[in-house]
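1. turn this into a model:
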Amino acid sequence: MENIPEPPQVALSKARVIGSEFRTTENYTKFELCFAISKRYAMVFQQIPLVKKTAVKEILSLLKRNKPMIRTILGMNCLVLFVFLPTSGIHAQDPLRFEAEVNQLKLKNDSLWNSALPTQVFTGSSSIRMWEDLQARFPEKHIVNSGFGGSQASDLLYYLELLVLDYSPEKVFIYEGDNDLAEGKKPKEILHTLREISGFIQNQHPGLPIVFISAKPSISRWKQRKKYRRFNRKLEKWTRQDASLFFVDVWKPMLEGSRLDKTLFVEDGLHLNSKGYDIWEKILHPHVAIEPY
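-> Have a look, this model is predicted:
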């Protein structure tokens with residue numbers, strides 16, 4: 001447990017995931033960094049109480065580098081957070097589990113990307129990652145596929161610069177929420193993270209079109225369909241409030257009446273086969289083809 005203190009770039013990235021609601025400017029503040037560190041430690045304090053001593057040392061070391069008044073404010077907030085913050089119900093998740101995969105994906109996409117061409121980025125979880133003929137289905141556009149893992153929205157927020165912003169996209173397509181819901185996260189919690197993703201993108205590229213793809217139905221998660229539908233309704237309602245955000249419904253087209261079309265999936269009952277991607281292509285094509293501005 002002696003290696004808990006993290007490199008600044010790692011802690012700063014985690015601030016985007018955990019503490020970004022405190023962002024008041026384009027740059028992340030030291031309070032956010034402190035908040036992210038303290039909340040992360042809070043997740044393990046109940047299981048490993050001795051870690052608290054290491055956390056205190058880290059926090060105090062961070063505070064020493066600030067002016068006295070800021071130090072007092074930061075200290076009060078951070079110490080309160082990791083001493084009193086309840087950990088039950090927190091969906092602890094480490095984005096670093098995808099680090100090796102993301103690094104390899106980054107190398108691959110960098111080698112394929114033509115910076116001279118307008119680029120549309122598709123990103124999100126494995127339903128995007130496994131869309132191997134994505135570029136071939138939209139040959140009129142330069143597409144970067146940065147889907148990864150079985151990612152959740154917070155993972156995308158963590159890797160947003162590497163997988164999306166580095167390609168200066170003219171439009172972004174996002175598929176997240178499917179795995180979040182399956183892991184027990186509430187729709188409200190997921191939407192909060194999606195708002196952070198949208199806000200971070202548009203802080204750097206004001207007015208950039210962002211297309212949110214609804215959670216899809218699947219055989220393996222059909223029992224949770226009520227929660228998925230609730231999430232999709234909330235996602236659609238939110239996107240209607242911003243002219244630069246778009247909602248694409250893939251749920252209804254994958255049904256036969258009220259029943260799921262089971263011929264759209266590979267053997268695992270979760271991921272799409274070519275027939276399933278045919279439906280996605282048809283629905284998404286108008287959004288890919290439309291000029292972004």
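2. could you list the low-pLDDT ranges of the chain?
-> Within the chain, the stretches with pLDDT under 70 are 1-93, 292-293.
3. show me the strands in it, by range?
-> 119-124, 142-147, 171-175, 210-213, 245-248, 255-256, 259-260 (DSSP state E).
4. against which helices or strands is the third one packed?
-> Right, strand 171-175. Packing contacts for strand 171-175, counted by 3 or more C-beta pairs under 8 Å, 6 or more residues apart in numbering; DSSP states H and E, involve strand 119-124, helix 126-129, helix 187-204, strand 210-213, helix 274-289. For glycine as for every other residue, the C-beta is placed from the backbone atoms N, C-alpha and C.
5. rebuild the ones you listed as CSV, extending it with distance to residue 228 and mean neighbour count.
-> Shown next, in CSV, are these (distance: least, C-beta to C-beta, whole Å; neighbours: other C-beta atoms under 10 Å):
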stretch, distance to residue 228, mean neighbour count
strand 119-124, 15, 24
helix 126-129, 13, 22
helix 187-204, 9, 18
strand 210-213, 13, 24
helix 274-289, 16, 15
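6. now those as CSV including distance to residue 108?
-> Converted to CSV, those look like this (distance: least, C-beta to C-beta, whole Å):
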stretch, distance to residue 108
strand 119-124, 14
helix 126-129, 12
helix 187-204, 22
strand 210-213, 22
helix 274-289, 20
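7. so which of the ones you listed is nearest residue 226?
-> Residue 226 lies closest to helix 187-204 among the helices and strands packed on strand 171-175, at 10.9 Å (C-beta to C-beta).
8. show me what that closest one is packed against.
-> Packing partners of helix 187-204 (3+ C-beta pairs under 8 Å, 6+ apart): helix 8-18, helix 153-158, helix 160-163, strand 171-175, helix 178-182, strand 210-213, helix 225-239.
9. got the ones you listed as JSON lines, with distance to residue 144 columns?
-> Compiled in JSON lines, these are given as follows (distance: least, C-beta to C-beta, whole Å):
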{"stretch": "helix 8-18", "distance to residue 144": "21"}
{"stretch": "helix 153-158", "distance to residue 144": "14"}
{"stretch": "helix 160-163", "distance to residue 144": "9"}
{"stretch": "strand 171-175", "distance to residue 144": "10"}
{"stretch": "helix 178-182", "distance to residue 144": "21"}
{"stretch": "strand 210-213", "distance to residue 144": "14"}
{"stretch": "helix 225-239", "distance to residue 144": "22"}
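10. quick one, which of these is nearest to residue 290?
-> strand 171-175 (8.6 Å).
11. restricting to C-alpha, output that closest one in CSV.
-> C-alpha atoms of strand 171-175 as CSV (Å, rounded to 0.1, in the frame of the first residue of the first chain):
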residue,chain,number,x,y,z
LYS,A,171,-18.5,15.1,-35.3
VAL,A,172,-18.5,12.5,-32.5
PHE,A,173,-20.7,9.4,-32.1
ILE,A,174,-20.9,7.9,-28.6
TYR,A,175,-22.2,4.6,-27.4
